[in-house]
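**Q** Take this sequence and fold it.
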Amino acid sequence: MSEAGREKRAPGRVKAVTSLSNPIIKDIRALWLKKHRDRDRAFIAEGAEAIRQALDAGWTIRTLLCATAERDAVMEKIAARTIAAGGLVLEVGNKILSTVAHRENPQGLVGVFEQRYQPLDSIRPARGDVWLALDRVRDPGNLGTIIRTVDAVGAKGIILVGACVDPFSVEAVRATMGSLFSIPIARAEESAFLSWRRSFSGLTVGTHMEGAEDFRVPDYAAQPVLLLMGNEKHGLSEPLSHNCDRLVRIPQAGKAESLNLAVAAGIMLYEARRAVFPTEVDRAS
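**A** Numbering: from 1, shown residues only. Next up is the predicted model:
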């Protein structure tokens, strides 16, 4: 039986665990593998701040691993919230935490949460909204950093198109620094995304090495904006690029072949949200 199944049988309680061979610990360790995350629709998040953000945002916590040697008032409060939410609290030593987190010096809390995706057909961008669609992103660090940037600029969310890396992988979750719990994420095959795109009435801007315009030329203000950015190596697919209203490029003066995807996404997001972050010159004019 999976870790999720065991939790449902005995929710809202505390249990001390000392062995790595404990079946619940084995199931949690297995969440490093995508096939087990998909099977259990669960994932791991580390640290008091990330777990607090998740609980504040209403994410469902299944299990909390708590270091017995590091208990403090913050950890006690999170443990109490986990129990109140019907989750299982496991009191464990640093050896178990290190093994679960794959770190020599792990943080004192590790949480197991249920995955959450927003249905694509429920996304109806309004005036002033910015959504980011990512085509076949492969690097978990890039994706996690992009999620964090989407949160920082106040964009609405992310749509993962095609064979993207799992946003609930441990590497991606770490890179979000807790922003995963604030940003809606949808996923869709390319055909389903293009069908949804036909109902989108705002401005669709894609980045492309052969884009005809500088990325600062389009007027992103007021209307809902959909930004499309492609795979780290191959860029946007042909069908996606053909469904953009504008194809833009980010100029480069040096010899680098291209920008890192997360850096490029940050540039595009801040430009699309520039009205929210006026410069001193903008304020004076």
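**Q** hey, where'd the helices end up in the stretch 51-200 of the chain?
**A** Secondary structure of the stretch 51-200 of the chain, counting by DSSP state H, counting those that start in this stretch: helices at 73-84, 94-101, 140-153, 170-176, 190-197.
**Q** Columns distance to residue 243 and mean pLDDT on top of those helices, output as TSV?
**A** In this view, the C-beta of every residue, glycine as well, is placed from N, C-alpha and C. Shown next, in TSV, are the helices of the stretch 51-200 of the chain (distance: least, Cβ to Cβ, whole Å; pLDDT from 0 to 100):
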stretch	distance to residue 243	mean pLDDT
helix 73-84	44	93
helix 94-101	41	91
helix 140-153	21	96
helix 170-176	26	96
helix 190-197	6	97
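**Q** and of the ones you listed, who's closest to residue 212?
**A** The stretch from these with the least distance to residue 212 (Cβ to Cβ) is helix 190-197; that distance is 19.9 Å.
**Q** what sits up against that closest one?
**A** 120-121, 123, 133, 135, 159, 161-162, 188, 204, 226, 237, 239-240, 243 (Cβ atoms under 8 Å, 6 or more residues apart in numbering).
**Q** would you list the helices of the stretch 51-200 of the chain in CSV and tack on distance to residue 182 and mean neighbour count?
**A** Listed next are the helices of the stretch 51-200 of the chain as CSV, based on distance: least, Cβ to Cβ, whole Å; neighbours: other Cβ atoms under 10 Å:
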stretch, distance to residue 182, mean neighbour count
helix 73-84, 18, 15
helix 94-101, 22, 18
helix 140-153, 5, 22
helix 170-176, 9, 21
helix 190-197, 23, 16
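**Q** and the closest residue to residue 163 other than its chain neighbours, how many residues sit next to it?
**A** Excluding the flanking residues, the one nearest residue 163 by Cβ to Cβ, 6 or more residues apart in numbering is residue 136, at 5.4 Å. As a burial measure, residue 136 scores 20 neighbours (other Cβ atoms under 10 Å).
**Q** check contacts around residue 136.
**A** Contacts of residue 136 (Cβ under 8 Å, 6+ apart): 161, 162, 163, 164, 230, 231, 234, 237.
**Q** Now tabulate these in CSV and tack on pLDDT.
**A** Below are the contacts of residue 136 laid out as CSV (pLDDT from 0 to 100):
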residue, pLDDT
161, 97
162, 94
163, 93
164, 95
230, 91
231, 87
234, 83
237, 93
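**Q** Counting neighbours, which of those residues comes out on top?
**A** So for the contacts of residue 136 (other Cβ under 10 Å), the most neighbours sit at residue 161, 29 neighbours.
**Q** how far away is residue 109 from residue 97?
**A** Separation of residue 109 from residue 97 (Cβ to Cβ, to the nearest Å) stands at 9 Å.
**Q** Now for these two: what residues contact both?
**A** Residues touching both residue 109 and residue 97 (Cβ under 8 Å, 6+ apart): 65, 67.
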